[in-house]
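Chemist: missing the sequence, but the structure's below:
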């Protein structure tokens, strides 16, 4: 018995329509969120990796605490010896067993082989209860006793903001060294000052700097109105 | 309605022109200062000063100042320079032991071994029709100069020479626009041919050989060839 071709057409169209709706429901409306994927940045990595949520971890050097981090997520990757941390709400870098500076950042990576701690994404560094630095990338190697900021950074002082092309914090001597151009906002007569020097030693507590040999300072002066 | 729209459009145009003019004026008012430190510099933001040691050069507009040391007041935009201070600008060269420079107001006060040299075009022309150039040299105790106008006031044991003319006074005011040097207090001018003028006040024209003497008495001494 043959079916009426009209009924066959209607049934076929209805089946296609249902399949289309199912596709939209499954792959468009209920598409997996990107945030969910961020928990697993490397899907090919070994299945023995561990992910922890809302934990505090610390790094030690010769048995002494050198950093401590509280992060929303921590991934232990056994393949390359990296510990990845995301959403770092609070972290501390220690000097002589005492907190030296604290920080927060979007992401942190601790290399267990080199002992380097790298922070990235909106890194804010605090000292003595106030914000000291704002940058996008920080590297801290305890055995070097240096915090390296390879890119643009802002030092926040009580008098204003100082921008630097790159910075190096010598934790042992408590000094900040800037390389490249240093811009002091409202440094002279309410106007910006640009300092060009091979190396500049900056003291954020006093909002002062020292530079030697071949330093060039540029600023504008004139009517304030 | 049309008239109202036109008035509104005109107002906007006028406002835009005013804003652009204000921006141009502000740009013109501001000037760039370049400070080159050859030795060491310490910027003290909290104390509002900058200390330079071991040599520096300040450049702004057409003025160049060199010295050994400087203390700059960051907010006031003034600087105290010491050690072999040298200011050069256009046809002016000024040496002294120390200088207080006001970068904002284009003035400088120099003290100690003050020596000023100014090349001055003369009204008199040479054979080729070019203006003759004389060098006015001056020493004094204190000198205040405007780097905007090149006017200056010299005080204390003022000694001036120009070609074969010599003058001394307690005070001298120089007006660059009028090319006049007004001498005051125990004025003595010695001219070519041992002619001397002693008076209270004299106006000396630096671009020509002309002296106006005032006071009671004006004493003129000159030799008569027999």
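Modeler: Yes, it's here. Everything numeric in this text was worked out from a predicted model, so none of it was measured.
Chemist: Report the residue spans of chain A with pLDDT below the cut-off.
Modeler: Within chain A, the ranges that satisfy pLDDT under 70 run A:1-3, A:21-51, A:189, A:213, A:223-225.
Chemist: As a check, name the ranges of all helices in it.
Modeler: Applying DSSP state H to chain A gives helices spanning A:5-23, A:34-38.
Chemist: Over to chain B?
Modeler: Using DSSP H, the helices of chain B run over B:2-29.
Chemist: Just give the nearest non-adjacent residue to the closest residue to chain A within chain B, would you?
Modeler: The nearest approach of chain B to chain A comes at residue B:45, 3.2 Å away (C-beta to the nearest C-beta). Every residue, glycine included, has its C-beta placed from N, CA and C. Once flanking residues are discounted, residue B:45 sits nearest to residue A:207: 3.2 Å by C-beta to C-beta, 6 or more residues apart in numbering or on different chains.
Chemist: what's the neighbour count on that neighbour?
Modeler: Applying other C-beta atoms under 10 Å in any protein chain shown, we find 22 residues neighbouring residue A:207.
Chemist: Identify the residues contacting it.
Modeler: Residues counted as contacts of residue A:207 (C-beta atoms under 8 Å, 6 or more residues apart in numbering or on different chains) are A:157-160, A:162, B:44-46.
Chemist: Among these, name the ones in strands.
Modeler: A:162, B:44 (DSSP state E).
Chemist: Now restrict the contacts of residue A:207 to buried residues only.
Modeler: Applying 16 or more other C-beta atoms under 10 Å in any protein chain shown to these, the neighbour count classes A:157, A:159, A:162, B:44-45 as buried.
Chemist: Pick out the most distant pair among these.
Modeler: Taking C-beta to C-beta as the measure, the buried ones among the contacts of residue A:207 span a maximum distance of 13.3 Å, between A:162 and B:44.
Chemist: Could you tell me which residues of chain B lie near chain A?
Modeler: Residues of chain B lying close to chain A by C-beta under 8 Å from any C-beta of the partner chain are B:26, B:29-47, B:50, B:60, B:72, B:74-77, B:103-104.
Chemist: Among those, name the buried ones.
Modeler: Among the residues of chain B next to chain A, those scoring as buried are B:31, B:33, B:35-39, B:41-45, B:50, B:60, B:72, B:74, B:77, B:103-104 (criterion: 16+ other C-beta under 10 Å).
Chemist: so what's residue B:108 bridging to?
Modeler: residue B:101, residue B:145 (DSSP bridges).
Chemist: check contacts around it.
Modeler: Contacts were defined as C-beta under 8 Å, 6+ apart; by that measure residue B:108 touches B:65, B:87, B:94, B:99-102, B:144-145, B:147.
Chemist: Buried ones from those, can you make that a ChimeraX selection?
Modeler: Entered in ChimeraX, the line below selects the buried ones among the contacts of residue B:108, by 16+ other C-beta under 10 Å:
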select /B:65,87,94,99,101,102,144,145,147
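Chemist: What are the boundaries of the strands in chain A?
Modeler: Under the criterion DSSP E, chain A contains strands at A:50-61, A:64-77, A:82-95, A:98-111, A:117-127, A:130-141, A:146-149, A:153-156, A:161-170, A:175-188, A:191-203, A:208-212, A:215-221.
Chemist: can those strands go into TSV with extra columns for distance to chain B?
Modeler: Output for the strands of chain A, formatted as TSV (distance: least, C-beta to the nearest C-beta, whole Å):
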stretch	distance to chain B
strand A:50-61	35
strand A:64-77	30
strand A:82-95	24
strand A:98-111	21
strand A:117-127	16
strand A:130-141	15
strand A:146-149	20
strand A:153-156	11
strand A:161-170	8
strand A:175-188	5
strand A:191-203	7
strand A:208-212	5
strand A:215-221	4
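Chemist: and the ones you listed as a markdown table, adding distance to residue B:184?
Modeler: Below are the strands of chain A laid out as a markdown table (distance: least, C-beta to C-beta, whole Å):
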| stretch | distance to residue B:184 |
| --- | --- |
| strand A:50-61 | 77 |
| strand A:64-77 | 75 |
| strand A:82-95 | 68 |
| strand A:98-111 | 65 |
| strand A:117-127 | 61 |
| strand A:130-141 | 59 |
| strand A:146-149 | 62 |
| strand A:153-156 | 55 |
| strand A:161-170 | 51 |
| strand A:175-188 | 38 |
| strand A:191-203 | 40 |
| strand A:208-212 | 46 |
| strand A:215-221 | 33 |
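Chemist: Tell me which of those strands lies nearest to residue B:222.
Modeler: strand A:215-221 (51.5 Å).
Chemist: for that closest one, packing partners?
Modeler: strand A:175-188, strand A:191-203, strand B:31-37, strand B:40-44 (3 or more C-beta pairs under 8 Å, 6 or more residues apart in numbering or on different chains; DSSP states H and E).
Chemist: Mind doing that once more with 7 Å?
Modeler: Using 3 or more C-beta pairs under 7 Å, 6 or more residues apart in numbering or on different chains; DSSP states H and E, the elements in contact with strand A:215-221 are strand A:191-203, strand B:31-37.
Chemist: As CSV, those strands with distance to residue A:9 would be great.
Modeler: Formatted as CSV, those follow (distance: least, C-beta to C-beta, whole Å):
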stretch, distance to residue A:9
strand A:191-203, 75
strand B:31-37, 81
